[in-house]
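K.L.:
Quick one, structure for this:
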Amino acid sequence: MKDSLVDRVTHLKVNSEDIYKIEVNSDDINLEIPNIPGKQNSVKIYIHIAGPDQKINKVEAQQGLEIYGDELRDEARKERGKHSAIDLLEDIAVGKSKAVSVKIIKQLTAKTIPFTKAQIEKIIKQYPTPFHIYDEKGIIKSSNTLYKSFEWSDGFKNFYAVKALPNPAILKLVKSLGMGVDCSSLAELILAEKNGFKGEDIMFTSNDTSTTEFVKARELGAIINLDDTTHIEFLENAVSELPELICFRFNPGSERTGNYWQSIRS
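P.N.:
Here you go, the predicted structure:
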């Protein structure tokens with residue numbers, strides 16, 4: 001009796017219980033495989049063939065394809081994009097794509113409350129409920145982790161979404177951590193200004209934007225991020241002269257299939 005994919009993967013003896021996803025990357029490839037039903041076999045196969053070096057070259061790609069088996073490979077060939085994990089191994093095996101690295105992302109550990117019951121009981125004697133408590137140490141730790149993850153990107157800057165939590169104390173904190181802010185309304189632009197943000201530390205990303213909002217963003221020297229090319233003329237009329245630096249949202253549309261994409265480099 002012919003063994004199934006599940007049988008072949010079980011024999012690999014890869015424990016993926018604490019894995020959230022894997023990230024497969026090269027200079028021009030970015031593939032994420034979440035550890036969810038329907039994708040779990042691919043997660044285990046990739047971890048197995050990548051080995052301790054966490055690299056997949058032609059030899060490893062061929063090993064992975066053999067585990068997937070002819071039936072799934074044939075299905076993937078008939079409808080490219082349906083099995084992006086197989087598509088990538090096929091490309092590596094024939095030299096169409098470069099070798100890739102595999103990064104294992106584990107599940108987040110359980111969050112703990114950063115204060116004790118006794119501390120809360122003391123706080124509520126001074127401050128009437130309801131109220132919010134924010135974990136400053138936790139925010140700083142998360143910020144440090146984020147920036148460390150992007151050390152490879154020279155000049156990386158995170159723009160905190162003001163709409164997520166428009167609290168002046170939080171804005172001052174993220175500013176001290178070297179972040180910029182992403183604003184989407186006149187009120188948020190003013191809030192950013194009042195808390196010391198200016199120039200290219202502000203990203204203005206808005207839709208259904210009024211002339212007043214564009215004028216304020218331009219006045220602050222913010223990076224204006226447009227939703228649509230039709231907004232260019234409206235912006236130019238609103239501020240008289242287009243900024244030297246401007247951004248656009250990009251939707252790859254039909255060029256993108258599944259989670260597997262390749263950037264086009266000139």
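K.L.:
Need the per-residue pLDDT for E23.
P.N.:
The score at E23 is 94. That number is its pLDDT.
K.L.:
Not counting its neighbours along the chain, what's nearest it?
P.N.:
Excluding its sequence neighbours, the residue lying closest to E23 (CB to CB, 6 or more residues apart in numbering) is K103, at 4.4 Å. To be clear about C-beta, it is placed using only N, CA and C from the backbone, and glycine gets the same treatment.
K.L.:
In which helix or strand does that neighbour reside?
P.N.:
Following DSSP states H and E, one finds K103 within strand 100-106.
K.L.:
And the average pLDDT for whichever helix or strand comes after that strand is what?
P.N.:
Later in the chain than strand 100-106, the nearest helix or strand by DSSP H and E is helix 117-126. What helix 117-126 shows for mean pLDDT is 90.
K.L.:
which helices and strands sit right next to helix 117-126?
P.N.:
Of the remaining helices and strands, none touches helix 117-126 by 3 or more CB pairs under 8 Å, 6 or more residues apart in numbering; DSSP states H and E.
K.L.:
Pull the distance from it to the chain's centre.
P.N.:
37 Å (CA atoms, centre = their mean, to the nearest Å).
K.L.:
before we move on, what about stretch 191-204?
P.N.:
23 Å.
K.L.:
which parts of that stretch are buried?
P.N.:
191-193, 195, 197, 201-204 (16 or more other CB atoms under 10 Å).
K.L.:
Okay, buried residues for stretch 100-110 please.
P.N.:
By neighbour count on 16+ other CB under 10 Å, the buried set for stretch 100-110 is 100, 102, 104.
K.L.:
where does the protein dip in pLDDT?
P.N.:
1-2, 108-111, 253-266 (pLDDT under 70).
K.L.:
how far away is V59 from I49?
P.N.:
9 Å (CB to CB, to the nearest Å).
K.L.:
Please say which of these two ends up with more neighbours.
P.N.:
I49 (22 against 12; other CB atoms under 10 Å).
K.L.:
can you tell me how far that one sits from I86?
P.N.:
I49 is 12 Å from I86, by CB to CB.
K.L.:
Repeat that for A99.
P.N.:
Taking CB to CB, one finds A99 at 17 Å from I86.
K.L.:
domain parsing for the chain?
P.N.:
5-107, 130-250 (automatic domain parsing).
K.L.:
Let me have the ones you listed in TSV, extended by distance to F115.
P.N.:
Formatted as TSV, the domains of the chain follow (distance: least, CB to CB, whole Å):
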stretch	distance to F115
domain 5-107	24
domain 130-250	7
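K.L.:
nearest to P114, of the ones you listed?
P.N.:
Ranking those by proximity to P114 (CB to CB) places domain 130-250 first, at 4.5 Å.
K.L.:
Which secondary structure state is assigned to the closest residue to F197 other than its chain neighbours?
P.N.:
In space, and not counting its chain neighbours, F197 is closest to V181: 5.3 Å by CB to CB, 6+ apart. Three-state assignment for V181 (DSSP: H, G, I helix; E, B strand; the rest coil): strand.
K.L.:
Could you give the bridge partners of V181?
P.N.:
Taking DSSP bridges as the rule, V181 bridges to Y160, I202.
K.L.:
still on that earlier bit, between the buried residues of stretch 191-204, which is closest to N237?
P.N.:
When those are compared against N237 (criterion: CB to CB), the nearest one is F204, at 16.8 Å.
K.L.:
That closest one and E236, how far apart?
P.N.:
Distance, F204 to E236, by CB to CB: 15 Å.
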